[in-house]
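> task: produce atomic coordinates for the following.
(one chain, ligands or ions: 2)
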Amino acid sequence: MTAPKFRRILLKLSGEALMGDDAYGINPAMLGSIVAEIKSVTDLGVELGVVIGGGNIFRGVGGTATGMDRATADYMGMLATVMNAMALSDAMRQAGINARVQSALNIEQVVEPYIRGKAIRYLEEGKVVIFGAGTGNPFFTTDTAAALRGSEIGAEMVLKATKVDGIYTADPKKDPQATRFARISFDEAIGRNLAVMDATAFALCRDQKLPINVFSIFKTGALKRVVMGEDEGTLVHV
Ligand SMILES: Nc1ncnc2c1ncn2[C@@H]1O[C@H](COP(=O)(O)OP(=O)(O)O)[C@@H](O)[C@H]1O
Ligand SMILES: O=c1ccn([C@@H]2O[C@H](COP(=O)(O)OP(=O)(O)O)[C@@H](O)[C@H]2O)c(=O)[nH]1
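Numbers count the residues shown, from 1 in each chain. Ligands and ions are numbered 1, 2, ... in the order given. Sure, this is the predicted structure:
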């Protein structure tokens with residue numbers, strides 16, 4: 001059997017991925033299938049950090065549409081990611097994966113705070129670390145949290161699991177003519193203003209020389225293929 005290409009990775013899971021076919025919240029079947037995908041790579045001995053979004057429950061920009069203060073809405077969004085992190089961790093426990101949740105916002109009765117050294121220790125012990133509450137700051141996204149935590153834990157790659165199977169010339173949900181890149185440089189992704197990931201996240205990964213692979217969360221086996229170094233989704237490189 002060939003060995004995985006990466007020893008330590010940071011997986012960004014879109015909050016909306018957890019909805020499955022539902023309109024809101026966490027779909028248990030979808031959660032189960034995501035956990036099965038994750039198990040296929042932790043079983044290979046790959047060390048895994050996870051940053052999870054919150055868009056299935058609450059998004060800051062959605063709150064502002066109703067007149068809410070942006071920072072308040074963003075704190076609500078961050079709390080939504082903690083709920084997702086707890087659901088994911090529990091689903092992992094049920095599947096026999098040892099996971100820990102760390103939150104960028106202190107809610108110590110609920111989950112432990114983010115402590116970098118402890119997170120790295122857990123990874124070395126083979127535990128999955130799920131990072132909740134994004135970066136802990138309003139006006140940021142969980143994509144940026146993935147770039148940040150990925151850099152902090154020394155991940156070799158950020159894997160963005162989302163609803164589309166890669167980065168396209170335009171949003172494929174809006175433009176059926178859009179074509180997918182197999183590879184794209186950070187400079188080109190930023191220059192073309194491709195909305196699949198925010199510019200802050202792209203810029204941080206570029207500066208840290210941390211490649212990103214964007215792939216579909218709905219495609220069975222895709223996560224493992226990326227980890228094995230096979231051609232899957234879109235690779236964003238320096
Ligand atoms: N150029 C593009 N290539 C691929 N997807 C794009 C592009 N521009 C916009 N998108 C949209 O970005 C979405 C992925 O990002 P998003 O869902 O916001 O991630 P997250 O849920 O993690 O915030 C896709 O569902 C897709 O519709
Ligand atoms: O560092 C962060 C990360 C997230 N958020 C808030 O949390 C919400 C959910 O995160 P995100 O939209 O990135 O989740 P996803 O799109 O992956 O579901 C965002 O809309 C923001 O309001 C934030 O304020 N700071």
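> quick check: phi and psi on the nearest residue to residue 237 once chain neighbours are set aside?
Excluding its sequence neighbours, the residue lying closest to residue 237 (CB to CB, 6 or more residues apart in numbering) is residue 211, at 5.3 Å. The C-beta positions use only the backbone N, C-alpha and C, and glycine is treated the same way. Phi and psi for residue 211, reported as degrees, to the nearest 10, are phi -70, psi 160.
> how many neighbours does residue 211 have?
A count of nearby residues for residue 211, using other CB atoms under 10 Å, gives 20.
> list the contacts for it?
Going by CB atoms under 8 Å, 6 or more residues apart in numbering, residue 211 touches 156, 157, 158, 205, 235, 236, 237, 238.
> just how off-centre is stretch 123-132 within its chain?
14 Å (CA atoms, centre = their mean, to the nearest Å).
> now it: buried residues?
Across stretch 123-132, burial judged by 16 or more other CB atoms under 10 Å covers 123, 127, 128, 129, 130, 131, 132.
> surely residue 187 touches residue 205?
No - checked against CB atoms under 8 Å, the pair residue 187 and residue 205 is beyond contact range at 12.0 Å.
> and those two? which has more neighbours close in?
Ranked by neighbour count (other CB under 10 Å), residue 187 and residue 205 place residue 205 first, with 27 against 11.
> could you dump the buried residues of stretch 123-132 to TSV with distance to ligand 2, pLDDT and secondary structure?
As requested, the buried residues of stretch 123-132 are exported to TSV (distance: CB to the nearest ligand atom, whole Å; pLDDT from 0 to 100; DSSP: H, G, I helix; E, B strand; the rest coil):
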residue	distance to ligand 2	pLDDT	secondary structure
123	21	98	helix
127	23	98	coil
128	18	98	strand
129	17	99	strand
130	13	99	strand
131	10	98	strand
132	10	98	strand
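> can you pull the contacts of residue 200?
Here residue 200 is in contact with 140, 141, 143, 144, 147 (CB under 8 Å, 6+ apart).
> mind checking how far residue 101 is from ligand 2?
15 Å (CB to the nearest ligand atom, to the nearest Å).
> quick revisit: what's the farthest-apart pair in the buried residues of stretch 123-132?
123 and 132 (16.1 Å; CB to CB).
> about what we covered before: which of the contacts of residue 200 come close to ligand 2?
Filtering these for neighbours of ligand 2 using CB under 6 Å from any ligand atom leaves 140, 141, 143.
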